[in-house]
Each structure stands twice: as structure tokens, then as C-alpha cells.
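Colleague: I would like to see how this sequence folds:
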Amino acid sequence: MTDLKLSLKTLIVETCDKDCDPASIADDEILFGSGTRLALDSLDALQLSIALQKRFGVRLTDSKDTRRALASVSRLARWLKAQGRGLPA
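Modeller: The predicted structure follows:
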């Protein structure tokens, strides 16, 4: 799952146009909110969900599930595994 998490971190940095090393993002670091290091917002969530659909072929359709899945890299990796999408296409 380490490769998946690094792939997700890279996707987040590239998609959300953040100036940081993907490896510097902790697996359980909270991604969204003004008080977080990355300070991702709703536009970032939309861009990230589109990128996830393109890369992994999954759709985040329910807003509550989306918030839970995108809370951290670890949660997103677990969600993708539960969808049967552990590796990038």
C-alpha cells in the first residue's frame, strides 16, 4: 500500500498545485481546512475527485463519503482498496 499512498500524495500535489514534496505529506495528515498544512478547499476536492476518476476509474458521488474518503491519504487509500482500485490505471 506504500506505493499507492505515494501515488496518491503525488496526485494531490500535482492536482491541487501545491509546492511541496509529496513524500513530506504524512499518511494520516488532515488534508482539508484552513488550519491544515495543505489547506485544501472545496475546489481542490472537486479537482481531486476528477483526477481520481481519470486515474482510478472511481466516482465519489456522496458528499459525506467524499469528505470521509478525502480526509487523509490513508483513508483515501483504504477507500480505493474497498472499491477494488488499489493500483493506478
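Colleague: Return the set of buried residues in the helix or strand of the chain with the lowest mean pLDDT.
Modeller: When each helix and strand of the chain is scored by mean pLDDT, DSSP states H and E, helix 63-69 comes last, with a mean of 87. Residues 66, 69 are the ones in helix 63-69 that count as buried (16 or more other Cβ atoms under 10 Å). (Glycine included, C-beta is placed from N, CA and C.)
Colleague: Which elements pack onto it?
Modeller: Here helix 63-69 touches helix 73-82, going by 3 or more Cβ pairs under 8 Å, 6 or more residues apart in numbering; DSSP states H and E.
Colleague: list the helices and strands the helix it packs on packs on?
Modeller: Looks like helix 73-82 contacts helix 2-15, helix 63-69 (3+ Cβ pairs under 8 Å, 6+ apart).
Colleague: now that helix against helix 2-15, angle please.
Modeller: 110 degrees (axes from the mean of the first three to the mean of the last three Cα atoms, to 10 degrees).
Colleague: So which residues make contact with helix 73-82?
Modeller: 1, 4-5, 8-9, 12, 25-29, 31, 52, 56, 58, 65, 68-70, 86 (Cβ atoms under 8 Å, 6 or more residues apart in numbering).
Colleague: Need the CA coordinates for it. PDB is fine.
Modeller: Output in PDB follows, covering the C-alpha atoms of helix 73-82 (Å, rounded to 0.1, in the frame of the first residue of the first chain):
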ATOM      1  CA  VAL A  73      -4.100   9.800   2.300                       C
ATOM      2  CA  SER A  74      -4.600   6.700   4.500                       C
ATOM      3  CA  ARG A  75      -8.400   7.000   4.300                       C
ATOM      4  CA  LEU A  76      -8.300   7.600   0.600                       C
ATOM      5  CA  ALA A  77      -6.100   4.500   0.100                       C
ATOM      6  CA  ARG A  78      -8.400   2.400   2.200                       C
ATOM      7  CA  TRP A  79     -11.400   3.700   0.300                       C
ATOM      8  CA  LEU A  80      -9.800   2.900  -3.100                       C
ATOM      9  CA  LYS A  81      -8.900  -0.600  -1.900                       C
ATOM     10  CA  ALA A  82     -12.500  -1.100  -0.800                       C
END
